[in-house]
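1. Build me a model from this:
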Amino acid sequence: MTAIITSRPAQGDRPAITYRAAGDRHVLVEYGEMTLDLELNFFVTAVSAQLAGVRVPGLVEAAPGFRSLLLHHEPALIDRRTLIDAMEEVHEAQQSVRSLVIPSRLITLPIAFDDSASREAVRRYATTIRQEAPNVRDDSNIDYIVEYNGLPDRAALYATVTGTTWWNAYTGFFPGLPFMFPLDPRNAITVPKYNPTRTYTAEGAVGIGGPCVAIYPVDAPGGYQLFGRTVPIYDILARHDVFRGDPLLIRPGDRVRFVPVSEEQLLQMRREVLENRYEYVIEDDPFAVSEYLAGAAGVHAEAETRRTAREVAAAQMEVP
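-> Residues are numbered from 1 along each chain as shown. Sure, this is the predicted structure:
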């Protein structure tokens, strides 16, 4: 027995679409093949934005993933077939991926690398869970990230993180947690996650798992390798004006640019957030997919050279 309700093949540069049953009140819409392809996420983000402006009676919520949309619906108001028909209308009205201009914001965030809060999380892990973990060195994950990616030193890692903008493909797992990928393919990095996971991570910590960079919105368990910390990105109490309309700072389709600061500067900024004095830097900046693709094509050879070097280095590393 299959969960697939129906599907349709790719059409031109539009991805294939598969509709899956996901319980009594949900339908999972999957786009394309199971690959790390930002074009698929651009399509998901655009469809999600378009769906937000279309009233579909009985549709409660559409939650985007990297290459999927999870549709929560009320069966008493709309059945699956009618919901899928409504989605097909949205898909038909959607532009081809490469001509998309996606509503987006550019958010500039400070980052303190090798901060004490992240080091404390690593120290607790080494003390209470797994002292011999290969990714834990002197209460830090940073040297492991550096070596796994074949980088010459910590400064090269920091330059990699700050040298690109990071596309928030989707938000989830914890409230407000962004899953971000580099828009400059030359700055791609990857690393395996903790095994087993930590029981503690400080709110605001920045880490990487696989090819994805995330910011922890709350104190929480976690498995990403930590390399820094930033200002709060989630506050349901809205202690700062930026959270008054939405407790989540970073939306799907937003881009994040990191600017390095000292830990002393970061702690002062974090105090200013709680006192409603910090000025978040947020710019409306629509994202043109065609411009992104042209830029990525122009650096493809260099990105491939770096990818090969990463794979050679990773093959020599112990995995947690």
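
2. From residue 52, how far off is the residue nearest to residue 255 when sequence neighbours are not counted?
-> Excluding the flanking residues, the one nearest residue 255 by C-beta to C-beta, 6 or more residues apart in numbering is residue 165, at 4.4 Å. (Each C-beta comes from the backbone N, C-alpha and C, glycine too.) Taking C-beta to C-beta, to the nearest Å as the measure, residue 165 falls 23 Å from residue 52.

3. can you give me the helices for the stretch 51-200 of the chain?
-> Shown for the stretch 51-200 of the chain, the helices assigned by DSSP state H, counting those that start in this stretch span residues 80-93, 116-128, 142-148, 154-162.

4. For residue 1, give me the pLDDT.
-> According to the prediction, residue 1 has pLDDT 63.

5. before we move on, what about residue 13?
-> In this model, residue 13 carries a pLDDT of 77.

6. Now for residue 299: which residues touch it?
-> In this structure, residue 299 makes contact with 184-186, judged by C-beta atoms under 8 Å, 6 or more residues apart in numbering.

7. coming back round to it: so for residue 165 and residue 52, which residue has more residues nearby?
-> residue 165 (21 against 10; other C-beta atoms under 10 Å).

8. The stretch 51-200 of the chain: strands as residue ranges?
-> 59-64, 68-73, 101-102, 105-113, 166-171, 178-182, 198-201 (DSSP state E, counting those that start in this stretch).

9. Which of the ones you listed sits closest to residue 226?
-> Across the strands of the stretch 51-200 of the chain, the minimum distance to residue 226, taken as C-beta to C-beta, is reached by strand 198-201, at 7.1 Å.

10. that older thread, reformat the helices of the stretch 51-200 of the chain into TSV and put distance to residue 258, mean pLDDT and mean neighbour count next to each item.
-> Listed next are the helices of the stretch 51-200 of the chain as TSV, based on distance: least, C-beta to C-beta, whole Å; pLDDT from 0 to 100; neighbours: other C-beta atoms under 10 Å:
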stretch	distance to residue 258	mean pLDDT	mean neighbour count
helix 80-93	34	92	15
helix 116-128	14	97	18
helix 142-148	15	98	21
helix 154-162	5	98	17
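
11. mind checking which of these is nearest residue 28?
-> With C-beta to C-beta, the closest approach to residue 28 among these belongs to helix 80-93: 11.3 Å.

12. on contacts alone, who are the packing partners of the closest one?
-> strand 4-8, strand 17-21, strand 26-31, helix 38-52, strand 68-73 (3 or more C-beta pairs under 8 Å, 6 or more residues apart in numbering; DSSP states H and E).

13. Apply 10 Å and report the result again.
-> Where contact means 3 or more C-beta pairs under 10 Å, 6 or more residues apart in numbering; DSSP states H and E, helix 80-93 is packed against strand 4-8, strand 17-21, strand 26-31, helix 38-52, strand 59-64, strand 68-73.

14. most tightly surrounded among the strands of the stretch 51-200 of the chain?
-> strand 166-171 (a mean of 25; mean count of other C-beta atoms under 10 Å).

15. still on that earlier bit, any chance of the helices and strands packed on helix 80-93 in JSON lines, plus distance to residue 99 and mean pLDDT?
-> Formatted as JSON lines, the helices and strands packed on helix 80-93 follow (distance: least, C-beta to C-beta, whole Å; pLDDT from 0 to 100):
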{"stretch": "strand 4-8", "distance to residue 99": "20", "mean pLDDT": "91"}
{"stretch": "strand 17-21", "distance to residue 99": "18", "mean pLDDT": "95"}
{"stretch": "strand 26-31", "distance to residue 99": "17", "mean pLDDT": "96"}
{"stretch": "helix 38-52", "distance to residue 99": "10", "mean pLDDT": "91"}
{"stretch": "strand 59-64", "distance to residue 99": "20", "mean pLDDT": "93"}
{"stretch": "strand 68-73", "distance to residue 99": "20", "mean pLDDT": "96"}
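
16. which stretch among the ones you listed comes nearest residue 269?
-> helix 38-52 (29.0 Å).

17. Report the angle between that closest one and strand 26-31.
-> Orientation note: helix 38-52 sits at an angle of 140 degrees relative to strand 26-31 (axes from the mean of the first three to the mean of the last three C-alpha atoms, to 10 degrees).

18. buried residues in helix 38-52?
-> Using 16 or more other C-beta atoms under 10 Å as the test for burial, helix 38-52 gives 38-49, 51.

19. Name the residues that touch stretch 234-247?
-> Under the criterion C-beta atoms under 10 Å, 6 or more residues apart in numbering, residues 107, 171, 174-178, 203-204, 215-218, 231-233, 248-250, 272-280, 282 lie in contact with stretch 234-247.
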